[in-house]
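Engineer: Requesting a structural model of the entry that follows:
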Amino acid sequence: MTVVTNPTDVYVLAQWLAGDHSNWEQAIENPPFFAHIRVGVRALPNPITEDGVWLYLEQAYDYEINHPYRTAVLHLTYANDRIEILNYRLKNAETFFGASRDRDRLAAIDAEAIDQLHGCTQWVHRADDKTFKGTVEPGKKCCLTRKGVNTYLTIDFEVTENSYSSLDRGYSVETDEHIWGSVAGAFEFSKKASFSDEITMKFA
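Structural biologist: Numbers count the residues shown, from 1 in each chain. So this is what the prediction gives:
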C-alpha cells in the first residue's frame, strides 16, 4: 500500500528533527568507525518566510560541542507531493556556534545571513506512519571539494519520532569513485532532548 505524504507532514518531520541528538551508543559499540557526534536542531525564532518551517542545524564532535564542523539552515516545504528540504549555508557561521543550545541567538538569522546551496535539496517521503525517508535530489549537483577532489554528495536518511540515521558520502565527479564518508554504514542517532514544542503547526 502506497503511503501518501501530506502538507502537514512538514510539521511532523520538523517536530521529529527538532532536538539534541547523539550517537553515543553506536560510538561506544564501534569506536574505530564512529566518533561520538552530537546534532542539535532548533526552529528559527523569526522564520525567514511564512511558508513551511525554518530550522538551524549544527553537527559537532561531543568533545568540542561548541565548535561544530557543520552548520546549516534548513527550509522544510511541501512541493511536488513530497517534503523538500532546501539547504542554506550561513555566511558567518562562527557567529552562531553553540546556538542550538541557546536559541535566542538564532533570532539574528535573516535572509541576508544565508546563501542557498543549489542542487542540495533533499526529497523526503513518508515510508510509513512511523518513518520518513529522504535523499539528495538527483543530478549529482550538490558538489564540494574534499581531499583535493571535486565530489558530489549523496545522503540517505531515515527519521522517526525519537531517532534518525544518515549515510553521507562523497563521490568523484569525474569517476564516481567513493572519496569520503562512512565505510561502516549509517550514523545512528537517538534524541536525547526534544525541542518539538518550538514547532508551530500551520493549517491552510
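Engineer: Tell me where the chain has helices.
Structural biologist: 9-17, 24-29 (DSSP state H).
Engineer: Any regions of the protein where pLDDT drops low?
Structural biologist: 1-2, 202-204 (pLDDT under 70).
Engineer: what's across from the spatially most central residue of it in the sheet?
Structural biologist: The residue lying closest to the centre of the chain (Cα atoms, centre = their mean) is residue 57, at 6.4 Å. Note on residue 57: beta-bridge partners by DSSP bridges are residue 41, residue 72.
Engineer: just the strands in this structure please.
Structural biologist: For the chain, strands defined by DSSP state E occupy the ranges 19-22, 37-43, 53-61, 70-79, 82-90, 114-116, 122-128, 131-136, 143-146, 149-159, 163-172, 178-181, 187-194.
Engineer: re earlier: turn the helices of the chain into JSON lines, columns for distance to residue 188 and mean neighbour count.
Structural biologist: Every residue, glycine included, has its C-beta placed from N, CA and C. Below are the helices of the chain laid out as JSON lines (distance: least, Cβ to Cβ, whole Å; neighbours: other Cβ atoms under 10 Å):
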{"stretch": "helix 9-17", "distance to residue 188": "15", "mean neighbour count": "21"}
{"stretch": "helix 24-29", "distance to residue 188": "5", "mean neighbour count": "15"}
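Engineer: burial measure for the nearest residue to residue 190 once chain neighbours are set aside, as a count.
Structural biologist: Counting by Cβ to Cβ, 6 or more residues apart in numbering, the nearest residue to residue 190 once its immediate chain neighbours are dropped is residue 163, at 4.9 Å. Number of residues near residue 163 (other Cβ atoms under 10 Å) recorded here: 15.
Engineer: Also residue 109?
Structural biologist: Applying other Cβ under 10 Å, we find 22 residues neighbouring residue 109.
Engineer: What separation do you get for it and residue 199?
Structural biologist: Distance, residue 109 to residue 199, using Cβ to Cβ, to the nearest Å: 16 Å.
Engineer: what sits against the residue nearest to the centre of the chain?
Structural biologist: 39, 40, 41, 70, 71, 72, 73, 74, 100 (Cβ atoms under 8 Å, 6 or more residues apart in numbering).
Engineer: So which of these is the closest to residue 85?
Structural biologist: residue 74 (5.3 Å; Cβ to Cβ).
Engineer: The closest residue to that closest one other than its chain neighbours and residue 155, how far apart?
Structural biologist: The shortest distance from residue 74 to any non-neighbouring residue, by Cβ to Cβ, 6+ apart, is to residue 55 (4.5 Å). Residue 55 is 16 Å from residue 155, where distance means Cβ to Cβ.
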